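K.L.:
Give the three-dimensional model of this entry:
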Amino acid sequence: MSTAPVLSPAELARYSRHLLLDQVGLVGQQKLAAARVLVVGAGGLGSPAALYLAAAGVGTIGIADLDLVEVHNLQRQLLHDDTSVGESKVTSAARRLRATNPFVRIVTHADGIVPVNAVALFSDYDVVVDGTDNFGVRYLNNDAAFFARRPLVYGSVFKFEGQVAVFDPTHGGPCYRCLFPEPPRAGTVPGCGEAGVLGALCGVIGSLQALEAIKLLTGIGESLRGRLLMYDSLAQKFQNLQLKSDSGCPLCGDRPAIRDLNPERYSAAPCPAPLPRGSDVEYPIEISVAEAKDLHDSAPERTKIIDVREPCELEICQLAGAEHIPMRQIPEQADSLPRDQHLLILCHVGGRSRRVTEFLRAHGHPAVSNIAGGIDAWAKEIDPSLRRY
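P.N.:
Numbering: from 1, shown residues only. Here you go, the predicted structure:
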């Protein structure tokens with residue numbers, strides 16, 4: 001961090017409650033004013049994290065995100081509102097953060113984090129806050145933070161549970177790969193677009209991430225370096241797990257196999273395609289929405305679209321002519337599904353339908369293909385009248 005700046009009378013008044021804390025005081029507030037924090041992801045976690053960092057007076061806050069604001073974001077992403085829909089998330093976030101505190105500098109990175117810029121970008125900040133929900137980007141953030149020698153404040157949410165940790169091998173702690181050496185296979189772990197997430201939970205976890213960043217910057221308290229904080233919102237319980245560095249870690253271990261940011265490493269691990277059984281025709285395990293539409297339009301008698309979403313999702317949008325069988329009912333109905341038709345499996349964004357496709361192929365249905373991207377991709381690429389969520 002740079003030399004501590006002199007705070008104006010207006011700033012001293014704004015941060016007076018920090019100044020009253022012996023552990024923070026003027027020196028701590030000056031450290032915050034001189035600090036640079038990068039928030040990766042202006043979504044459910046990045047929103048509360050960035051808001052509290054801005055309110056706390058962190059001098060420079062970077063926001064990295066390549067997405068646009070969508071209506072379904074507003075349930076939990078408090079940096080954005082109805083007027084932001086369709087706008088770049090970093091533009092919306094910057095406007096809100098500048099309104100929150102005009103004394104902080106907001107830097108936007110509208111291209112997000114990519115392997116070619118990650119290490120240089122992270123090196124320009126003191127702390128990186130990871131608010132992403134994509135495994136590929138999460139591993140990229142971890143590896144880039146390691147090579148940039150910057151602490152990474154990790155957070156994640158799933159339905160009603162959340163996790164927070166500080167990964168900082170430079171100062172003796174483990175990295176994310178010490179806990180999870182490799183990403184899961186594509187489609188095996190649903191994101192919030194598939195599983196859902198309680199909006200207020202994001203506020204809890206994102207605020208904890210901001211708190212960890214502030215502690216790192218000011219040097220107060222005990223950080224979560226080497227610990228994983230787990231939170232169960234339904235039971236209102238916190239649990240601390242001790243984490244150790246893994247000497248066999250492919251990144252920070254004794255014999256590292258990862259020595260650079262190879263772009264191929266950060267796409268989700270693919271699912272193996274099961275071989276068709278009992279058929280001379282090989283059906284692809286996955287097809288695009290355009291291919292699915294062409295198949296169904298050209299040969300409706302030989303194809304069937306099966307929508308495996310929940311009934312409540314059908315109330316939002318649905319495809320005309322698709323048969324609805326919720327994913328949980330597939331095992332009991334598998335034997336009754338037609339074997340003389342090409343089954344095209346559809347869900348929201350492609351995760352559940354991928355698992356259903358693999359299940360049916362493993363149980364004697366060779367002519368089954370997943371519709372990649374689900375009805376969300378269908379709405380974006382084919383029928384914009386479908387409501388996205």
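
K.L.:
switch to C-alpha atoms for all contacts and neighbour counts from now on
P.N.:
Will do.

K.L.:
For residue 133, give its distance to residue 388.
P.N.:
Per C-alpha to C-alpha, to the nearest Å, residue 133 is found 19 Å from residue 388.

K.L.:
Ok, residue 335 next?
P.N.:
Counting by C-alpha to C-alpha, the gap from residue 335 to residue 388 is 32 Å.

K.L.:
Please say which of these two ends up with more neighbours.
P.N.:
Here residue 335 and residue 388 are compared on neighbour count by other C-alpha atoms under 10 Å; more neighbours surround residue 388, at 17 against 13.

K.L.:
Now do the more buried one, the pLDDT please.
P.N.:
Predicted confidence (pLDDT) for residue 388: 92.

K.L.:
In contact with it: list those residues for me.
P.N.:
The contact partners of residue 388, taken as C-alpha atoms under 8 Å, 6 or more residues apart in numbering, are 71, 72, 316, 317, 376, 379.

K.L.:
Could you rerun that using 10 Å?
P.N.:
Contacts for residue 388 (C-alpha atoms under 10 Å, 6 or more residues apart in numbering) come out as 70, 71, 72, 316, 317, 348, 375, 376, 377, 378, 379, 380.

K.L.:
Restricted to buried residues, select those residues in ChimeraX.
P.N.:
Buried members of the contacts of residue 388, defined by 16 or more other C-alpha atoms under 10 Å, are picked up in ChimeraX with:
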select :70,317,348,375,376,377,378,379
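
K.L.:
possible to save the contacts of residue 388 as JSON lines with pLDDT and distance to residue 177?
P.N.:
Below are these laid out as JSON lines (pLDDT from 0 to 100; distance: C-alpha to C-alpha, whole Å):
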{"residue": "70", "pLDDT": "93", "distance to residue 177": "32"}
{"residue": "71", "pLDDT": "93", "distance to residue 177": "34"}
{"residue": "72", "pLDDT": "92", "distance to residue 177": "31"}
{"residue": "316", "pLDDT": "95", "distance to residue 177": "38"}
{"residue": "317", "pLDDT": "95", "distance to residue 177": "39"}
{"residue": "348", "pLDDT": "95", "distance to residue 177": "29"}
{"residue": "375", "pLDDT": "97", "distance to residue 177": "33"}
{"residue": "376", "pLDDT": "94", "distance to residue 177": "31"}
{"residue": "377", "pLDDT": "95", "distance to residue 177": "31"}
{"residue": "378", "pLDDT": "97", "distance to residue 177": "35"}
{"residue": "379", "pLDDT": "95", "distance to residue 177": "36"}
{"residue": "380", "pLDDT": "94", "distance to residue 177": "34"}
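
K.L.:
how does the chain divide up, domain by domain?
P.N.:
35-266, 286-381 (automatic domain parsing).

K.L.:
Can you name every helix or strand that the helix or strand harbouring residue 143 contacts?
P.N.:
Here residue 143 sits within helix 135-148, counting by DSSP states H and E. On a contact count with 3 or more C-alpha pairs under 10 Å, 6 or more residues apart in numbering; DSSP states H and E, helix 135-148 meets strand 36-40, helix 115-123, strand 127-130, strand 152-158, strand 161-167, helix 176-179.

K.L.:
what's the closest of these to residue 250?
P.N.:
Evaluated over these, closeness to residue 250 peaks at helix 176-179, with 7.3 Å, by C-alpha to C-alpha.

K.L.:
tell me how far that closest one is from the chain's mean position?
P.N.:
Chain-centre distance of helix 176-179: 17 Å, with C-alpha atoms, centre = their mean, to the nearest Å.

K.L.:
Please verify my assumption that residue 164 contacts residue 153.
P.N.:
Yes. Counting by C-alpha atoms under 10 Å, residue 164 touches residue 153, with 7.4 Å between them.

K.L.:
Now list whatever residues contact both of those two.
P.N.:
130, 208, 209, 212, 224.

K.L.:
thought the first one was touching residue 144?
P.N.:
Which is residue 130. No. Applying C-alpha under 10 Å as the test, residue 130 and residue 144 come out as separate, 11.6 Å apart.

K.L.:
if I look at the two, which residues touch both of them?
P.N.:
With C-alpha under 10 Å, 6+ apart, residue 130 and residue 144 have common neighbours 138, 152.

K.L.:
Which residue of those two possesses the greater neighbour count?
P.N.:
residue 130 (28 against 25).
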